[in-house]
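Next come a sequence and a model predicted from it.
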Amino acid sequence: MRRFRPVAWLALALLGVGTLTLGQGQKATTTAKNEQPTDTPPAEVVQQQAGKDGSAEHPALQHRNPRYRVNRDDVIQINFALSPELNQKVTIQPDGYVTLQSIGSVYIAGLTVSEVVAAIKKASVSILNDPIVDVDLVDFQRAFFTVTGQVGKPGQYDLRHDTNVAEAIAVAGGLLPTAKTQVFVYHRVSPSWMEVKKYNLKEVLNGKNVNEVIDMQPGDMVFVPEKFIANFKKYVPYTSGIYANPQSLF
């Protein structure tokens, strides 16, 4: 019996070490569950980054199908189902307000139609009980795009149907001989942020990267830069086959 005692003590020792290791592992697992991922900032940090007015430093994610927001000079028809005497057609003033009969001025610039309805309901509760309001857009700003730079007819054009960059340049008179085939497309994602994309028109027209065609969005601008050699010719005399005398430049 005495020969087996050291073995028994060794077994008990190993069992104690295993229990201690298991306890430490359980504690580590619990700590890991309670900890927050380090790459996700707390809500307080996000709010601080967003600023006091709630606007983040970076543009917010875009919606796939954003609703139209009314602008200055838009014309809307406002109907009160239970009070037709208050129905009227108004134009949004340059300061963003509309003046309603017996209600007063309401600021609606930048709102969607449903938000305009909510704003008018809120403003009319002083004279109406639970009003039913309907708003229709009568006249509004048409979607447009702009093409500038080395094209035949730079300017602003109506975006009446699906149009890609190549078609937009064609509408603007096509590329001039001095134009580069690598153009830039500017898209506004927020009032203070502009997204810029490069577009190689030559590759697309040659059948390369045809799936990377950029579709124009309302308000987009295409800029066609000038070739370096065309800009260089403005300052250095150049004749085909004839080199200018450097002394004649001074």
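Everything's here; your move.

Counting neighbours, what do you get for the nearest residue to residue 201 once chain neighbours are set aside?
Distances taken as CB to CB, 6 or more residues apart in numbering place residue 181 nearest to residue 201, at 4.7 Å, with adjacent residues excluded. Using the backbone N, CA and C atoms, a C-beta is placed for each residue, glycine as well. Using other CB atoms under 10 Å, residue 181 is surrounded by 16 other residues.

Hmm, residue 181 is touching residue 175, no?
Yes - if you go by CB atoms under 8 Å, residue 181 and residue 175 touch, sitting 7.3 Å apart.

per-residue pLDDT, the nearest residue to residue 123 once chain neighbours are set aside?
The shortest distance from residue 123 to any residue other than its chain neighbours is 4.7 Å, reached at residue 106 (CB to CB, 6+ apart). At residue 106, the model reports a pLDDT of 95.

do you know how far the residue lying closest to residue 174 once chain neighbours are set aside is from residue 170?
Once flanking residues are discounted, residue 174 sits nearest to residue 152: 5.3 Å by CB to CB, 6+ apart. When distance is defined by CB to CB, to the nearest Å, residue 152 is 10 Å away from residue 170.

where do the contact lists of residue 181 and residue 175 overlap?
residue 201 (CB atoms under 8 Å, 6 or more residues apart in numbering).

Flag the shaky bits of the protein, pLDDT-wise.
1-65, 209-211, 229-250 (pLDDT under 70).

Name the SS class of residue 223, please.
Three-state assignment for residue 223 (DSSP: H, G, I helix; E, B strand; the rest coil): strand.

for it, what are its contacts?
Contacts for residue 223 were tallied using CB under 8 Å, 6+ apart; they are 148, 149, 183, 184, 185, 186.

ok, now residue 80?
Taking CB under 8 Å, 6+ apart as the criterion, residue 80 is in contact with 86, 87, 124, 128, 131, 132, 133, 134.

cool, residue 94 as well?
Residues counted as contacts of residue 94 (CB under 8 Å, 6+ apart) are 72, 73.

Is it located within a strand, as I assumed?
No - under three-state DSSP, residue 94 falls outside any strand and is assigned coil.

State the distance from it to residue 205.
Taking CB to CB as the measure, residue 94 falls 44 Å from residue 205.

per-domain residue ranges of the protein.
Per automatic domain parsing, the domain ranges recorded for the chain read 1-50, 75-139, 144-233.

Would you tell me which of these gets closest to residue 67?
Nearest to residue 67 among those is domain 75-139; the distance by CB to CB comes to 4.3 Å.

Endpoints of that closest one, how far apart?
Its first and final residues considered, domain 75-139 spans 5 Å by CA to CA, to the nearest Å.

ok, now which ones touch residue 97?
Counting by CB under 8 Å, 6+ apart, residue 97 touches 105, 106, 107, 108, 109.

Near the second one, how many other residues are there?
This points to residue 106. A count of neighbours around residue 106, defined by other CB under 10 Å, yields 19.

got it, and the one 3 residues further on?
As a burial measure, residue 109 scores 17 neighbours (other CB under 10 Å).

quick one: the closest residue to it other than its chain neighbours and residue 108, what's the gap?
Using CB to CB, 6+ apart and skipping the chain neighbours, the partner closest in space to residue 109 is residue 96 (3.0 Å). Using CB to CB, residue 96 is found at 7 Å from residue 108.

Between these two, tell me which one has more neighbours.
When residue 96 and residue 108 are compared for neighbours, residue 108 comes out ahead with 26 against 16, by other CB under 10 Å.

Just the terminal-to-terminal distance for stretch 179-193.
27 Å.

hmm, I was thinking of stretch 151-165
With CA to CA applied, stretch 151-165 spans 13 Å between its terminal residues.

How about stretch 133-149?
The stretch stretch 133-149 measures 47 Å between its terminal residues, going by CA to CA.
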